[in-house]
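K.L.:
fold the stuff below for me.
(one chain, ligands or ions: 1)
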Amino acid sequence: MSTAQWLQQTSTLLECKLVDDLIEQFLQTLEDELGLFDSLLLTPSVDGRYLQPVKPTSTGLLKVDGQVSWNVTDFQHPFAHVLQTAKPMVLDYYSLAYWHDNPQFAAFISGIEKDHSLFLYPLKQNGQLLGVLCFALDSSRSLLQRQDWQQYSEVFIRHWQWLTSVADQTGQACQLTDSIAEIRDEMTLQTNLTRLSSELVGESSEMDKLRKDILRGAGTVLSVLVQGETGTGKELVAKAVHDYSSRHKAPFIAINCAAIPENLLESELFGYEKGAFSGANSKKVGLIAQAAKGTLFLDEIGDMPLSLQSKLLRVLESGHFRAVGGSTELHSDFRLVAATHVNLKERVNAGEFRRDLYYRLNQFPVTVPVLKSRLSDLPQLIRHFIGRFNRHHQAQITGIRYEALSKLTTYHYPGNVRELRNVVEYACALTAHQGEIDVSDLPTFEEPSCESSSGSELEGHEYADIGDLKEAVAQFERNVIRTRINRFKGDRTKAAMSLGLPKRTFSHKCLKLEINE
Ligand SMILES: Nc1ncnc2c1ncn2[C@@H]1O[C@H](COP(=O)(O)OP(=O)(O)OP(=O)(O)O)[C@@H](O)[C@H]1O
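P.N.:
This is a model prediction of the structure:
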């Protein structure tokens, strides 16, 4: 049964006004949904010395004759053990034989057959035992791992408690509603976390935290700033913030601030009027207006020119803006998610990014961890990318050999998950149909030591001579990119992939650094 159906059953339960109706409804739902042969609820007598079935007679598998009750201190029947330990107990046909010495219990289970078992489950609230649920079921079934019916039982307990004391404790009604809302929220959170973990893959505690941060952020109206190295999944995170927010039905509009020349970025964002500049032959609606009621995602926000930053701040503060060449004030109600792989705080301190805009963007910060800090996620990510490759290429790669997986865990992934995805796709392309990825299918990885040795060479000689840091960095980037383009014989897509950069970011960098190879 889906979460929605359990919620439906929960609502039905909450409509019960009488305790007997409530118990009947509760047991009936469990029997239907868990495929039980029979079920029974045992509750303590008024003096607390005996356990008695709530239904005085039963003609089902579990035999009750109306007189039966079990002394809670008599350990000749398993109920006393469940009460003592407050833990569930599963008894198959053969282990039930152990309890046949107790005639009352033997009569009670006389209908149980070889492939049946008895499941006893203590109902507790705030450490207090309220009763024991008793199920007869198919012995191959296991109920303990399932959370759904246990959460449903929690709602039952609360409603049951409430109904029995409703006459003089009306105040409990509010508490109950709160608890149900809490349980409902918790169930929704768990469902969303499960759904999100199939999109944002990884079992590490870092990924767990990231998914929780995303859902918390999505539930607010705050601007979200996603920070993380290139290829860590920032765009996926931004999309998830939108998908799990109340704006998910409206558009998600994304733009990479680094991939668009400065003069075009403004008109892309704000739109323009006909004749605003040469070439503006017709009016254009900007991305801010397109994102109305939805989410605007500004990737590589650190590359946004200062002049535009103040215009962005204005629209974030007031919701108002003007199209390029326009005279009327326009309005858009959008939620902003921005991402950056640079340390924005440092840019602020260097005077390259507006401090006020930084604080406005950073209302809800989310940091995406680098892959090398969570290599335990590799097996799951690799499976995910193999599955994706299979779907896209109608292939049937079955998995990865242990030796190949071991080799992958020794690498440091400067390009993070994107680089891993490329490695897996490369390996899949070399793997035989219906085969497993082997070590020989993996690309040759660069030795990290090579990079660091060239770095220390520089440190010794050239660092001291640097007069213009910006130019030195640009020169370094130029050298890296040129070497890489040459290595891939001019194939820019491969060069971009090997550096863990999206192709558009790479192209823009080439443009900026005047690389024409
Ligand atoms: N946790 C993850 N689970 C599944 N796929 C992932 C995960 N993280 C990243 N990816 C995949 O890795 C690739 C890169 O992700 P994405 O573009 O979101 O990274 P990014 O941090 O925005 O990169 P850049 O800074 O270069 O723009 C995408 O194909 C994305 O689907």
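K.L.:
what's the mean pLDDT across whichever helix or strand residue 379 is part of?
P.N.:
Element membership for residue 379, per DSSP states H and E: helix 378-393. On average, the pLDDT along helix 378-393 is 94.
K.L.:
C-alpha coordinates for it, PDB please?
P.N.:
Extracted C-alpha coordinates of helix 378-393, given in PDB (Å, rounded to 0.1, in the frame of the first residue of the first chain):
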ATOM      1  CA  LEU A 378      31.300   4.900  -5.500                       C
ATOM      2  CA  PRO A 379      29.500   1.500  -5.900                       C
ATOM      3  CA  GLN A 380      26.100   3.100  -5.900                       C
ATOM      4  CA  LEU A 381      27.000   5.900  -8.200                       C
ATOM      5  CA  ILE A 382      28.700   3.500 -10.600                       C
ATOM      6  CA  ARG A 383      25.600   1.300 -10.600                       C
ATOM      7  CA  HIS A 384      23.500   4.400 -11.300                       C
ATOM      8  CA  PHE A 385      25.600   5.500 -14.200                       C
ATOM      9  CA  ILE A 386      25.800   1.900 -15.700                       C
ATOM     10  CA  GLY A 387      22.000   1.800 -15.500                       C
ATOM     11  CA  ARG A 388      21.800   5.200 -17.200                       C
ATOM     12  CA  PHE A 389      24.200   4.100 -19.900                       C
ATOM     13  CA  ASN A 390      22.200   0.900 -20.500                       C
ATOM     14  CA  ARG A 391      19.000   2.900 -20.800                       C
ATOM     15  CA  HIS A 392      20.400   5.400 -23.200                       C
ATOM     16  CA  HIS A 393      22.300   3.000 -25.400                       C
END
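K.L.:
which strands or helices does it pack on?
P.N.:
Here helix 378-393 touches strand 399-400, helix 402-409, helix 416-430, going by 3 or more CB pairs under 8 Å, 6 or more residues apart in numbering; DSSP states H and E. Bear in mind the C-beta positions are built from the backbone N, C-alpha and C, glycine included.
K.L.:
can you report how many residues lie near residue 504?
P.N.:
The number of residues packed near residue 504 is 15, by other CB atoms under 10 Å.
K.L.:
now stretch 504-517: mean pLDDT?
P.N.:
On average, stretch 504-517 scores 82.
K.L.:
who in the chain is up against the ligand?
P.N.:
Contacts of the chain with the ligand, taken as CB under 6 Å from any ligand atom, map to 200-202, 228, 230-236, 299, 341, 384, 417-418, 421, 501-502.
K.L.:
show me the shaky parts of this protein.
P.N.:
56-59, 66, 166-177, 446-465, 517 (pLDDT under 70).
K.L.:
nearest to the ligand: which residue in it?
P.N.:
Closest residue of the chain to the ligand, CB to the nearest ligand atom: residue 233 (2.7 Å).
K.L.:
measure that residue to residue 407 for me?
P.N.:
As judged by CB to CB, to the nearest Å, residue 233 and residue 407 stand 23 Å apart.
K.L.:
for residue 134, grab phi and psi.
P.N.:
phi -130, psi 120 (degrees, to the nearest 10).
K.L.:
now do the contacts for it.
P.N.:
Residues in contact with residue 134 (CB atoms under 8 Å, 6 or more residues apart in numbering) are 39-42, 62, 118-121.
K.L.:
go with 10 Å
P.N.:
By CB atoms under 10 Å, 6 or more residues apart in numbering, residue 134 lies in contact with 38-42, 51, 53, 62, 78-79, 82, 89, 108-109, 118-121.
K.L.:
partner residues bridging residue 89?
P.N.:
residue 120 (DSSP bridges).
K.L.:
one step back: more crowded one of residue 233 and residue 407?
P.N.:
residue 233 (23 against 15).
K.L.:
isn't the more buried one up against residue 417?
P.N.:
Yes: the criterion here is CB atoms under 10 Å, and residue 233 meets it with residue 417 at 5.4 Å.
K.L.:
intersection of neighbour lists for those two?
P.N.:
In contact with both residue 233 and residue 417: 200-202, 368, 371, using CB under 10 Å, 6+ apart.
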